[in-house]
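1. compute the structure for the input listed below.
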Amino acid sequence: MIRLFLDNRTAVLLLLPLLIALYVLGDILGVEQVASNRVDGLFFSQTSSNHFWDYFGQSFLILVNAVLLNAVFNSHEFLDKNTYIISLIYVVLTPMFVPLNQFNPVLLAHFFIIATLGALFYLKQNADGKMTIFNAGILFSIAMILLPYLTILIPFILIMIVIIRPFNWRELFICLAGLSVPLLYYISYLFLTDSLVFTWKFPDWRLHDYRTALNAYPIAGLYIILLFISLASLGARMLKSSLRLKKQIQMLGLIFTALFLLGCVDFYFSGSLLYLSLAIIPLTYFLTYAFLSKRSGILANIFFYIALLYSFVKFFLNFTQD
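-> Purely as a prediction, here's the structure:
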């Protein structure tokens, strides 16, 4: 399957809806999944049920995000040929982190983070990038509305701009202006309609009860293994890369570090993998290089197939203790 998606065959994308449908079927037939309340937005709460539209909405977003993430990869020449392995990695890993029967803002935030990355990768060294930077700010602001913790990533977004372009204070303020626009419009609308109710809650700053999070530990373990395999092959790829590609990988590394630390901190306090799922986005790019590496390719294949198998089996396992 991996070899099939590594090739330049657009038709393999037709297999993704079938794979997602199998995950939905496993979720319906498997043991009941414990809902998480870790992802309330600033002024709205998530919904939790087993309705058809919850499954459809989550499945549709996974598919759209996978295709968009793959399109960003191919559009910005991370490889010298098109590949569709990005979409497969995303579709396999995401349902392990994000429940399919609970419609929440996480996958929507995935979409806007991917779109933000796509916008930033369009920046050129010498071309005018003010509009692109402003658009990137707007896109990331929507992601912040969906997941408030992402606010702490604002400095990382600004640094990413500096990595790919010469330092310019004006462009950084343009990005901040873009970040403020959706927030101002959204808060103004809620205020005018008398709907401004703050629903987001600060976390309980204590280590989570491990007995209620045992289902998450094998998933987190697989993620860490795939991450180490990916990073082991990334260094060799950087040596052969163009200056432009090195900067793009540096940008990915920066946003990955921020998302990974954010996810780990939230997992420590809550036992939830929802925020850590955001770190899947850059991991898909890193893992692609591992598949193509002579040194770590076999290991990457083995553990990815283990992850693929566990992504189905996990619907029928329940390690949590009451």
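2. in the stretch 151-300 of the chain, which spans are helices?
-> With DSSP state H, counting those that start in this stretch as the criterion, the stretch 151-300 of the chain has helices at 154-164, 169-192, 216-240, 243-270, 280-292, 297-313.
3. can I get those helices in CSV with mean pLDDT and distance to residue 148?
-> Every C-beta, even on glycine, is put in place using the N, C-alpha and C of the backbone. Shown next, in CSV, are the helices of the stretch 151-300 of the chain (pLDDT from 0 to 100; distance: least, C-beta to C-beta, whole Å):
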stretch, mean pLDDT, distance to residue 148
helix 154-164, 94, 12
helix 169-192, 89, 11
helix 216-240, 88, 22
helix 243-270, 91, 11
helix 280-292, 93, 18
helix 297-313, 93, 29
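4. burial of residue 131, as a residue count?
-> 12 (other C-beta atoms under 10 Å).
5. adjust the sequence numbering to begin at 9 for everything that follows.
-> New numbering, starting at 9: the last item is residue 139.
6. now it: how far from residue 187?
-> 15 Å (C-beta to C-beta, to the nearest Å).
7. please apply the same query to residue 120.
-> 12 Å.
8. any common contacting residues for the two?
-> Each of residue 148 lies in contact with both residue 120 and residue 187 under the rule C-beta atoms under 8 Å, 6 or more residues apart in numbering.
9. can I get the helix or strand harbouring residue 102 as CSV, trimmed to CA atoms?
-> In the assignment (DSSP states H and E), residue 102 maps to helix 93-105. What follows is helix 93-105 as a C-alpha-only set of coordinates in CSV (Å, rounded to 0.1, in the frame of the first residue of the first chain):
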residue,chain,number,x,y,z
ILE,A,93,1.7,9.2,0.7
ILE,A,94,1.0,12.3,2.7
SER,A,95,-2.8,11.7,2.5
LEU,A,96,-2.5,8.1,3.5
ILE,A,97,-0.4,8.9,6.6
TYR,A,98,-2.9,11.6,7.7
VAL,A,99,-5.9,9.3,7.2
VAL,A,100,-4.3,6.4,9.1
LEU,A,101,-3.0,8.4,12.1
THR,A,102,-5.8,11.0,12.6
PRO,A,103,-8.7,8.7,13.6
MET,A,104,-6.5,7.3,16.4
PHE,A,105,-6.2,10.8,17.9
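10. okay, the angle between it and helix 224-248?
-> Interaxial angle, helix 93-105 versus helix 224-248 (axes from the mean of the first three to the mean of the last three C-alpha atoms, to 10 degrees): 160 degrees.
11. relative to helix 162-172, how tilted is the helix or strand residue 122 falls within?
-> Assessed by DSSP H and E, residue 122 sits inside helix 114-128. Relative orientation of helix 114-128 versus helix 162-172 (the same axes, to 10 degrees): 30 degrees.
12. let's test this: mean pLDDT of helix 114-128, rounded?
-> Across helix 114-128, pLDDT averages out at 95.
13. following that helix, which helix or strand comes up?
-> helix 138-154.
14. which of the residues in that following helix are buried?
-> 140-154 (16 or more other C-beta atoms under 10 Å).
15. go on, stretch 75-94?
-> Of all the residues in stretch 75-94, those buried under the rule 16+ other C-beta under 10 Å are 75-81, 84, 86-87, 91-94.
16. next one: stretch 180-190
-> 180, 182-184, 186-187, 190.
17. let me know the closest of those residues to residue 302.
-> residue 183 (39.9 Å; C-beta to C-beta).
18. ok, the closest one - contacts?
-> By C-beta under 8 Å, 6+ apart, residue 183 lies in contact with 141-142, 144-145, 165-166, 169.
19. 7 Å instead, please
-> Shown in contact with residue 183 (C-beta atoms under 7 Å, 6 or more residues apart in numbering): 141, 144-145, 165-166, 169.
20. now residue 63
-> 32, 108-109.
21. just put these in TSV and tack on neighbour count and pLDDT.
-> Below are the contacts of residue 63 laid out as TSV (neighbours: other C-beta atoms under 10 Å; pLDDT from 0 to 100):
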residue	neighbour count	pLDDT
32	19	92
108	24	87
109	17	84
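22. only C-alpha atoms, please: export stretch 269-280 in PDB.
-> Taking Å, rounded to 0.1, in the frame of the first residue of the first chain, the C-alpha atoms of stretch 269-280 are listed here in PDB:
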ATOM      1  CA  LEU A 269       5.100  20.600  23.000                       C
ATOM      2  CA  LEU A 270       1.600  22.000  23.200                       C
ATOM      3  CA  GLY A 271       0.100  18.500  22.700                       C
ATOM      4  CA  CYS A 272       2.500  16.900  25.300                       C
ATOM      5  CA  VAL A 273       1.600  19.500  27.900                       C
ATOM      6  CA  ASP A 274      -2.100  19.100  27.300                       C
ATOM      7  CA  PHE A 275      -1.800  15.300  27.400                       C
ATOM      8  CA  TYR A 276       0.100  15.500  30.700                       C
ATOM      9  CA  PHE A 277      -2.700  17.500  32.300                       C
ATOM     10  CA  SER A 278      -5.700  16.000  30.600                       C
ATOM     11  CA  GLY A 279      -4.800  12.500  29.200                       C
ATOM     12  CA  SER A 280      -6.300  13.600  25.800                       C
END
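23. fine, thanks again, bye for now.
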